[in-house]
Each structure stands twice: as C-alpha cells, then as structure tokens.
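Chemist: the sequence isn't on hand, but the structure is:
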Ligand SMILES: [Mg+2]
C-alpha cells in the first residue's frame, strides 16, 4: 500500500503543543498594537474557543481580529503564526507515531506526507518532532492546502492504483474527501481539529491513535 499521512494533528500533536504557543505570540502582537477593548486573558479564552470551532488556525485568527476591528494586523499575525519556532522548542508526536511509521515501513508499505502550509514551517515541525525524513518516500507541501492534485501526482509517480492507496488525516473535507473521490481508502484521525467532524459513513476507518493502523495495514 501507499499510505499518505497528514502532518498536523495526525503525525504531530499540533493542537497540544504548537497552537497554544503560537496563539500567545499573536496575542502579544495585538496587545502591543493596543487594539483590544478587553483584557488579554479574556481575548485569549475567546481565541482558544474560536480555534476549537474553526477549520484552520488562519480562520480563527481572521475571526478574532475581525471581532476587534484589527483585520489590518491579519498578515502580520499570520506570518507570526508560521515563523520559525525557538531552537529548543520540542514538538510531541501523537502517541507512538514514530514507532508506527517505522513498523508500517518495515511491513513494506510506501509512506508519504501531504501537508498544507508554508514549506519551511511544515518541515521544521517534522524535524523538531524527530521524524526520520528518509522514512517517507515523498513529502509534499501544497501552500494552498489543496491536496487532490498531490494525491493524483503520487498515483502517477509511484504507479499505484487508487485502491492500493490510503490517506490518514484529521480534517475530513481537506484530507479525506479528495482522497475518497479518487478511490483511496480513508482513515480519520480523531485528534485536535479532527474532533470537530463526526464520523461519516463513507470513511473506511476512524482511529484515535495511529497504532490502530497496524490492525488495518
Ligand atoms: Mg491536520
């Protein structure tokens, strides 16, 4: 099989360790610019709540800045969000992610990553989480987060049929739906943002931890 992983909230615990840190830096920015009509703790609680309900962090940032009439800070806030992390910043994987990747690889599966976002930031997170990049036959990082063309490119590059491919990701509309349309097997990771979406009947497997993949592949 060719198994394609999403990165954030699938291989790494973005919601648990990166998001809170990044939100703090954005809040520092808006506080410095004096655009808040409330205390920063109160705004932080609002941002956390908004983020839990949003499909992406950029959507949550947009909403909170709109709420405080500070949309002129959006570009600056967004670039802070994807700026390099401190050198000693540790990123946790989701439970057993590295072990599962190694195990799947040793079972002969081809592994790939398709993750949306800024290339340098996505690669930095992978490295800081301690993943051996050589475990993956291909890493694709579409900046616009549109994954279907990447999935199609993988089919062409590795000469595999869609039925021999699976996608594992937390976001159903972005990660899994385009894969399903191509005829891939789909695995929903219920982690972080992935908890926003309910189980849908067309999804082949729904997992809480990657180790469950070892039952299926
Ligand atoms: Mg994700």
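Modeler: That came through, no problem. Here the structure is a predicted model, which means the values were calculated and not measured.

Chemist: helix or strand: which one has residue 203?
Modeler: Following DSSP states H and E, one finds residue 203 outside all helices and strands.

Chemist: and stretch 98-114 with the ion, contact?
Modeler: No: using Cβ under 5 Å from the ion, stretch 98-114 stays clear of the ion, with a minimum separation of 10.3 Å. No exception for glycine: its C-beta is placed from N, CA and C like everyone else's.

Chemist: how long is that stretch end to end?
Modeler: 17 Å (Cα to Cα, to the nearest Å).

Chemist: what are the contacting residues of that stretch?
Modeler: Residues outside stretch 98-114 that contact it (Cβ atoms under 8 Å, 6 or more residues apart in numbering) are 1-7, 11, 126, 130-132, 135-142, 147, 150-151, 154, 158, 160, 167, 210-211, 213-214, 217.

Chemist: okay, buried residues for that stretch please.
Modeler: For stretch 98-114, a neighbour-count test (16 or more other Cβ atoms under 10 Å) marks 98, 100-101, 103-105, 109-114 as buried.

Chemist: can you list the residues of this protein near the ion?
Modeler: 6, 8-9, 170.

Chemist: can I get those residues in a markdown table with distance to residue 70 and pLDDT?
Modeler: Below are the residues of the chain next to the ion laid out as a markdown table (distance: Cβ to Cβ, whole Å; pLDDT from 0 to 100):
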| residue | distance to residue 70 | pLDDT |
| --- | --- | --- |
| 6 | 31 | 98 |
| 8 | 25 | 96 |
| 9 | 27 | 95 |
| 170 | 29 | 95 |
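
Chemist: between those, which is nearest residue 16?
Modeler: Nearest to residue 16 among these is residue 9, at 8.7 Å by Cβ to Cβ.

Chemist: for residue 206, see how far away that closest one is.
Modeler: To residue 206, residue 9 is 14 Å away according to Cβ to Cβ, to the nearest Å.

Chemist: need the helices for this structure, in chain order.
Modeler: 19-32, 40-53, 57-67, 74-81, 97-106, 119-128, 148-158, 177-182, 213-216 (DSSP state H).

Chemist: which one of those lies nearest to residue 89?
Modeler: helix 119-128 (6.3 Å).

Chemist: and the angle for the closest one with helix 74-81?
Modeler: Counting by axes from the mean of the first three to the mean of the last three Cα atoms, to 10 degrees, helix 119-128 lies at 30 degrees to helix 74-81.

Chemist: contacting residues around helix 119-128?
Modeler: 7-8, 11-12, 14, 18, 82-85, 89-91, 113, 115, 133, 139, 141, 143.

Chemist: is it true that residue 68 touches residue 46?
Modeler: No: using Cβ atoms under 8 Å, residue 68 is not in contact with residue 46, being 9.3 Å away.

Chemist: one step back: between residue 9 and residue 206, who's got more neighbours?
Modeler: Remark: of residue 9 and residue 206, residue 9 carries more neighbours, 24 against 16, as counted by other Cβ atoms under 10 Å.

Chemist: nearest spatial neighbour of the most far-flung residue of the chain relative to its centre, skipping sequence neighbours?
Modeler: Within the chain, the residue lying farthest from the chain centre (Cα atoms, centre = their mean) is residue 37, at 31.9 Å. Closest residue to residue 37 apart from its sequence neighbours, by Cβ to Cβ, 6 or more residues apart in numbering: residue 68 at 6.6 Å.
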